[in-house]
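Engineer: I'd like to go over a predicted model; first the sequence, then the structure.
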Number of protein chains: 2
Amino acid sequence: MSQMIGEQSVCFENPVSILGAASVVGKKEGEGPLGSYFDMVCDDPMMGCKCWEEAESTLQKEAAQLAMAKANLDKQRIRMIFAGDLLAQSIASSFGIMDFRIPVYGLYGACSTMGEAMSLGAMAVAGGYGDCVLSLTSSHFASAEKEFRFPLAYGNQRPLSASWTVTGSGACVLGKTGGKAVITGVTAGKIIDNGLKDSMNMGACMATAASDTIYHNLIDFQRSPKDYDKIITGDLGSIGQKILWDILGERGIDIRNNHMDCGIEIFDQEKQDTHAGGSGCGCAASVFVSYILPKIESGEWKRVLFVPTGALLSKVSFSEGNSVPGIAHGVVVDTK
Amino acid sequence: MSQMIGEQSVCFENPVSILGAASVVGKKEGEGPLGSYFDMVCDDPMMGCKCWEEAESTLQKEAAQLAMAKANLDKQRIRMIFAGDLLAQSIASSFGIMDFRIPVYGLYGACSTMGEAMSLGAMAVAGGYGDCVLSLTSSHFASAEKEFRFPLAYGNQRPLSASWTVTGSGACVLGKTGGKAVITGVTAGKIIDNGLKDSMNMGACMATAASDTIYHNLIDFQRSPKDYDKIITGDLGSIGQKILWDILGERGIDIRNNHMDCGIEIFDQEKQDTHAGGSGCGCAASVFVSYILPKIESGEWKRVLFVPTGALLSKVSFSEGNSVPGIAHGVVVDTK
């Protein structure tokens, strides 16, 4: 048995079903263009908790519970969880999901983590390691600002190339059978460093990695962009999107007609002061489960390449003058 | 096809081979009881680099290259890497392995990460997603102190229950065939919080999680401790070991005769001032590949349960008064 295709992809002989999925987001996301699609919008950014990190853990917990409920499965039926977030030592995930007492594989792929969680989750189900698994990620504007940038009260100025971290979590239950959408393949991403050091322009830092994953997905699966109803990146934003188009254009690949970026869609850039777009693990995850997945399930989009994108930096790597490498993990989702 | 057994384990129908493995450690580790077993001992804690984080990245790079060389494989043959470390946003791994240009799934399991990397790596090979994959982790005393505790120059006092972060990296190449040792099963660990908040006594914080994973491994595989030549935890240290023995003893399981802890073995507690023992992702990883694996390959130990242990804390979770939950991932390794 071999399911490998091309250089860095897997094609599942038995596609993996998406049995249930749910999103929980904050007030600003609820006020954005996709506001009506999310399962739960919380007006309180603290989620009733005493600190931002705990609030983010609560986003994960709620999203996971809703996804299991929508899949009509008790938590005892979930064999393992693939989860991660942006915070140091992934504490939003650890504290968010520990009460479930389900085995956990913790992940870190920056804002690409939902792509990684869905890829490894699908591999686990297809490999026979679990009948049902849960893939989930989160981010929170305030915990991310605290982790990577400045205290909120400092009110720092943000350049127009900066993105706005989404407060939100998305969770998917994957399983062997059922559901109306299936994961048919994945393309694992390489870490790619284009030398850029501007942490306030993460779209530019990640665009090369996104282009590499999309390029290899097309080559590995022997497809052209038109074989996908949509090619959807995570959080390149308006600047990263243009760079992505340019890089792929130089390789003779035109995705302008069917490209979408979750970071661009989730906010109204003009009215919501979010500059280049939304970002964070919760951006791609919440947009996928709320907006993209239903369109695949209904057949409006029959095949989508979902490519969450991550910028691999920390405040230490930034302070030490390092570049910001990118990574992007591709997941192919088809109407069943 | 189902390879699931019991509540939280996988038994591989086709065991996954360990094709090559290598360790790179620091001077103190080289002076310890296992000093002669490591592949490379570096006297310079900076590894010729300009900061601790870059030094840790270099440990990973060297260990990975040595492991691939010992497996007699070019990097082009490695389909994907499963890697992680202790630093915020896993930057030691990101910057350590990016030049290989191999697809990467980034992991976070605190000091249990080598168990997670070997588990997911074995699942990937057994599932047909890659003929050869690389599992690796690292830690560095100085980067870990900077990340979690105090500046080195501050010279803080450490209680006797504290552990000493190992400067080291361990890497394993896993593949379908070849080698003299095989991964025959894994037991995924749950996050378990026993309410302890003492980050200077991580052995106690992790012991409950270790006992849970060992217990479920024995139940799932229908084995008793004597079915393993050794049951080897990652970095419980001398205090955590006693707690582990007590918890399992209360459940009627006596592992005292065949338990070993990598953290206890790697340093001479009396002569090296390392208190409860070694810790860090690099502890279990370097001891496994240098000391444990050769004994399995030679048949001196025919079957081992390797259980790296992790304490899930960050400086933020600590400062906010949270407990320190634990996690432990079990890997069963047999002589081929």
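Structural biologist: Looks like it came in fine.
Engineer: contacts, neighbours, all on C-alpha from now
Structural biologist: Will do.
Engineer: how about the strands in the stretch 51-200 of chain A?
Structural biologist: Ranges of strands in the stretch 51-200 of chain A, per DSSP state E, counting those that start in this stretch, are A:80-84, A:104-107, A:132-139, A:164-165, A:168-175, A:181-187.
Engineer: can you put those in CSV and add distance to A:Ile232 and mean neighbour count?
Structural biologist: Formatted as CSV, these follow (distance: least, C-alpha to C-alpha, whole Å; neighbours: other C-alpha atoms under 10 Å in any protein chain shown):
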stretch, distance to A:Ile232, mean neighbour count
strand A:80-84, 20, 29
strand A:104-107, 21, 28
strand A:132-139, 17, 33
strand A:164-165, 18, 24
strand A:168-175, 16, 32
strand A:181-187, 14, 27
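Engineer: Quick one: closest of the ones you listed to chain B.
Structural biologist: When those are compared by C-alpha to the nearest C-alpha, strand A:104-107 sits nearest chain B, at 4.2 Å.
Engineer: quick check, the closest one touching chain B?
Structural biologist: Yes. Counting by C-alpha under 8 Å from any C-alpha of the partner chain, chain B is contacted by strand A:104-107 at A:Val104, A:Tyr105, A:Gly106, A:Leu107.
Engineer: I figured the second one hits A:Ser93, correct?
Structural biologist: Right, A:Tyr105. No. Taking C-alpha atoms under 8 Å as the definition, A:Tyr105 is not a contact partner of A:Ser93, at 10.4 Å.
Engineer: any common contacting residues for the two?
Structural biologist: Both A:Tyr105 and A:Ser93 are in contact with A:Ala83, where contact means C-alpha atoms under 8 Å, 6 or more residues apart in numbering or on different chains.
Engineer: what's the spacing between A:Asp131 and B:Phe141?
Structural biologist: Look at A:Asp131 and B:Phe141: by C-alpha to C-alpha, to the nearest Å, they are 40 Å apart.
Engineer: for A:Met202, same thing?
Structural biologist: For A:Met202, the distance to B:Phe141 - C-alpha to C-alpha - is 31 Å.
Engineer: again with A:Ala311
Structural biologist: Distance from A:Ala311 to B:Phe141, by C-alpha to C-alpha: 26 Å.
Engineer: The stretch 1-150 of chain A against chain B: which residues are in contact?
Structural biologist: Residues of the stretch 1-150 of chain A lying near chain B (C-alpha under 8 Å from any C-alpha): A:1-4, A:7-8, A:10, A:79-80, A:86-91, A:94, A:98, A:101-110, A:116, A:123-124, A:126-130.
Engineer: okay, A:Ala311 and B:Phe141: which has more neighbours?
Structural biologist: Between A:Ala311 and B:Phe141, counted using other C-alpha atoms under 10 Å in any protein chain shown, the more crowded position is A:Ala311 (30 against 22).
Engineer: Show me what that one is bridged to.
Structural biologist: A:Gly326 (DSSP bridges).
Engineer: State the distance from it to B:Ala210.
Structural biologist: From A:Ala311 to B:Ala210 the distance is 33 Å (C-alpha to C-alpha).
Engineer: A:Glu297 falls within a helix, correct?
Structural biologist: Yes. Checked against DSSP: H, G, I helix; E, B strand; the rest coil, A:Glu297 lies within a helix.
Engineer: which non-adjacent residue is nearest A:Leu107?
Structural biologist: B:Leu107 (4.2 Å; C-alpha to C-alpha, 6 or more residues apart in numbering or on different chains).
Engineer: ugh, wrong one, I meant A:Ile214
Structural biologist: Take A:Ile214 and drop its neighbours on the chain: the residue closest to it by C-alpha to C-alpha, 6+ apart is A:Gly330, 7.2 Å away.
Engineer: who touches that neighbour in this structure?
Structural biologist: Contact analysis of A:Gly330 by C-alpha under 8 Å, 6+ apart lists A:115, A:119, A:186-189, A:213-214, A:217, A:305-308.
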